[in-house]
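1. got a sequence here, can you build the structure:
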Amino acid sequence: LGSCIFTQNATMADTCPERYRGLDRWVARKLVWSDLQSLNLTIKHIQHKMRVPRSQRGGEVIEPMLSKQWFLNVTSMAHKALDAIADEKLISFVPSRFKRDMTKWLENIRPWCISRQLWWGHRIPVYYVHRHDHH
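-> I've put the predicted structure just below:
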């Protein structure tokens, strides 16, 4: 089997056994359970409550899905930022203790996944530069 059982529209992919291919995920789940029961591969059925992640906007169930991820190598930007922090005329931190935090973070920078799934309202780490010389 492949790594993904769902298509982009939440139907069963071609990586699934032929009997389930193209079926809606809810239909497929019931059919799989029925098939397992008919093969005597189930022990018992127990009702239980569980937390299922849902979309805030539409209320749909959120299914985990692997997808290609794109990463940005930010090392060169981190080095430029560290140089600017070292030149205390360029950047000041308020409160000043954040200088240590930012320096530590930049010294340990890793590639940034720019294709990550952002949830609605997620804050993207953006910083603004205010120059006093107006150039």
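2. how distant is the lengthiest helix in the chain from the center of its chain?
-> Identified as the longest helix of the chain according to DSSP state H is helix 25-38. Helix 25-38 has its C-alpha centroid displaced from the chain centroid by 29 Å (Cα atoms, centre = their mean, to the nearest Å).
3. quick check: buried residues in that helix?
-> By neighbour count with 16 or more other Cβ atoms under 10 Å, helix 25-38 contains the buried residues 25, 28, 32. Where C-beta positions appear, they are placed from N, C-alpha and C, glycine not excepted.
4. in PDB, list the C-alpha atoms belonging to that helix.
-> Taking Å, rounded to 0.1, in the frame of the first residue of the first chain, the C-alpha atoms of helix 25-38 are listed here in PDB:
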ATOM      1  CA  ARG A  25     -14.400   8.000   3.600                       C
ATOM      2  CA  TRP A  26     -17.500   7.600   5.800                       C
ATOM      3  CA  VAL A  27     -19.000   4.900   3.500                       C
ATOM      4  CA  ALA A  28     -15.600   3.200   3.300                       C
ATOM      5  CA  ARG A  29     -15.200   3.100   7.100                       C
ATOM      6  CA  LYS A  30     -18.600   1.400   7.600                       C
ATOM      7  CA  LEU A  31     -17.800  -1.100   4.800                       C
ATOM      8  CA  VAL A  32     -14.300  -1.900   6.200                       C
ATOM      9  CA  TRP A  33     -15.900  -2.600   9.600                       C
ATOM     10  CA  SER A  34     -18.500  -4.800   8.100                       C
ATOM     11  CA  ASP A  35     -15.900  -6.700   6.100                       C
ATOM     12  CA  LEU A  36     -13.800  -7.200   9.200                       C
ATOM     13  CA  GLN A  37     -16.900  -8.600  11.100                       C
ATOM     14  CA  SER A  38     -17.800 -10.900   8.200                       C
END
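5. the helices in the chain, which residues?
-> 25-38, 75-86, 98-107.
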